[in-house]
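Undergrad: Whatever this is, show me its structure:
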Amino acid sequence: MRKQIIVAVVFVGILALGGWWYYQRDAGYAHQFIGGESVASWDFQGAYKGNAELEERAHNEIARLESLIGNEEDDNTDYTVYVSIANQYGLLGDGAKEYIYLQKALAIDPEHTGLAWHNVGALMERLGAFQTAREAYSRAVQAQNQILQYQMAYLIFLTNHFPEDSAAIEGVLNEAKLVYGDNPSLFEIQARWLEETGKIQEAIDVWKKIRELSPQAAAVVDAEIARLQSTL
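TA: The predicted structure is shown next:
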């Protein structure tokens, strides 16, 4: 996966989704995987896995968070509590329980909040269910297209895993630019995608735009331009 020079995007891994979705308050947010995808194992090497002290910390935090569910005096909504619990299970490497708690969050709000969808995409990407991840990242943007992190996560995912789908990538870029205008972070994703698809001169042109927008990064951008020019 490419490293971003100017901008770093933090991804939070969680959940999965697919084909079509529907609301069920009690059972969570049920789904189907897209295109016959499946996950062979939901377990992975979480950041805390294998460290007894950190694992205990996560379990204690899960217990604390669970005590907040339905607590009207607490400032956190149940949606954010469920997502937070899912994050703790992610640290433990327990994807199945991450998934369960993100379904609970989506049962509360599948339409207007993008966090759980964004996290679904990251988990499915990690587990190799790329079509399902793609739908999840898309739903995060649909829910809250004003959040740059969701736009960028979707774009980076597409350029990493579906670089040949120019129509989709350009469509997301154009929609993001309508919200954020000439954003250097978006241009950087575009430039790296153009390079990887062999459009070197177009990539150079985009880097030049980045230089105009981010003069403080001129040295780094000039190095990228010089590197690309050497390949022509």
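Undergrad: Could you use CA atoms for every contact and neighbour count after this?
TA: Will do.
Undergrad: Not counting sequence-adjacent ones, nearest residue to residue 206?
TA: residue 191 (5.7 Å; C-alpha to C-alpha, 6 or more residues apart in numbering).
Undergrad: What count of nearby residues applies to residue 98?
TA: 29 (other C-alpha atoms under 10 Å).
Undergrad: and what of residue 213?
TA: 15.
Undergrad: swap in residue 229?
TA: When neighbours are defined as other C-alpha under 10 Å, residue 229 has 13 of them.
Undergrad: again with the one 3 residues further on
TA: Burial measure for residue 232: 7 neighbouring residues, criterion other C-alpha under 10 Å.
Undergrad: leaving aside the residues next to it on the chain, what's closest to it?
TA: residue 200 (7.3 Å).
Undergrad: re earlier: quick one: contacts for the residue nearest to residue 206?
TA: Contacts for residue 191 (C-alpha atoms under 8 Å, 6 or more residues apart in numbering) come out as 202, 203, 204, 206, 207.
Undergrad: distance of it from residue 181?
TA: 16 Å (C-alpha to C-alpha, to the nearest Å).
Undergrad: cool, and residue 216?
TA: Using C-alpha to C-alpha, residue 216 is found at 19 Å from residue 181.
Undergrad: Residue 34: which of the contacts of residue 191 is nearest?
TA: Checking the contacts of residue 191 against residue 34 with C-alpha to C-alpha, the nearest one is residue 203 at 32.6 Å.
Undergrad: Touching the host helix or strand of residue 224 from outside, list them.
TA: Here residue 224 sits within helix 218-229, counting by DSSP states H and E. Here helix 218-229 makes contact (C-alpha under 8 Å, 6+ apart) with 5, 200, 201, 204, 207, 208, 210, 211.
Undergrad: okay, among those, which ones form the most distant pair?
TA: 5 and 201 (19.3 Å).
Undergrad: Looking at these two, which is more packed in?
TA: Remark: of residue 5 and residue 201, residue 201 carries more neighbours, 17 against 12, as counted by other C-alpha under 10 Å.
Undergrad: quick check, residue 74 in a strand?
TA: No. Counting by DSSP: H, G, I helix; E, B strand; the rest coil, residue 74 is not part of a strand but coil.
Undergrad: which residues sit in contact with the closest residue to it other than its chain neighbours?
TA: Nearest residue to residue 74, sequence neighbours excluded (C-alpha to C-alpha, 6+ apart): residue 68, at 6.8 Å. Residues near residue 68 by C-alpha under 8 Å, 6+ apart: 74, 78, 81.
Undergrad: Residue 145: neighbour count?
TA: For residue 145, using other C-alpha under 10 Å, the count is 18.
Undergrad: Use 788 as the first number for this chain going forward.
TA: Got it, the first residue is 788 from now on, which makes the last one we talked about residue 932.
Undergrad: where does it land in three-state SS?
TA: coil.
Undergrad: From residue 947, how far out is it?
TA: In terms of C-alpha to C-alpha, residue 932 sits 21 Å off from residue 947.
Undergrad: And for residue 936?
TA: 16 Å.
Undergrad: For the contacts of residue 978, name the two members farthest from one another.
TA: 989 and 994 (8.8 Å).
Undergrad: between the two, which one's more packed in?
TA: residue 994 (24 against 14).
Undergrad: tell me the angle of the host helix or strand of the more buried one relative to helix 1005-1016?
TA: Per DSSP H and E, residue 994 falls inside helix 987-1000. Interaxial angle of helix 987-1000 relative to helix 1005-1016 (axes from the mean of the first three to the mean of the last three C-alpha atoms, to 10 degrees): 170 degrees.
Undergrad: Thanks a lot, catch you later.
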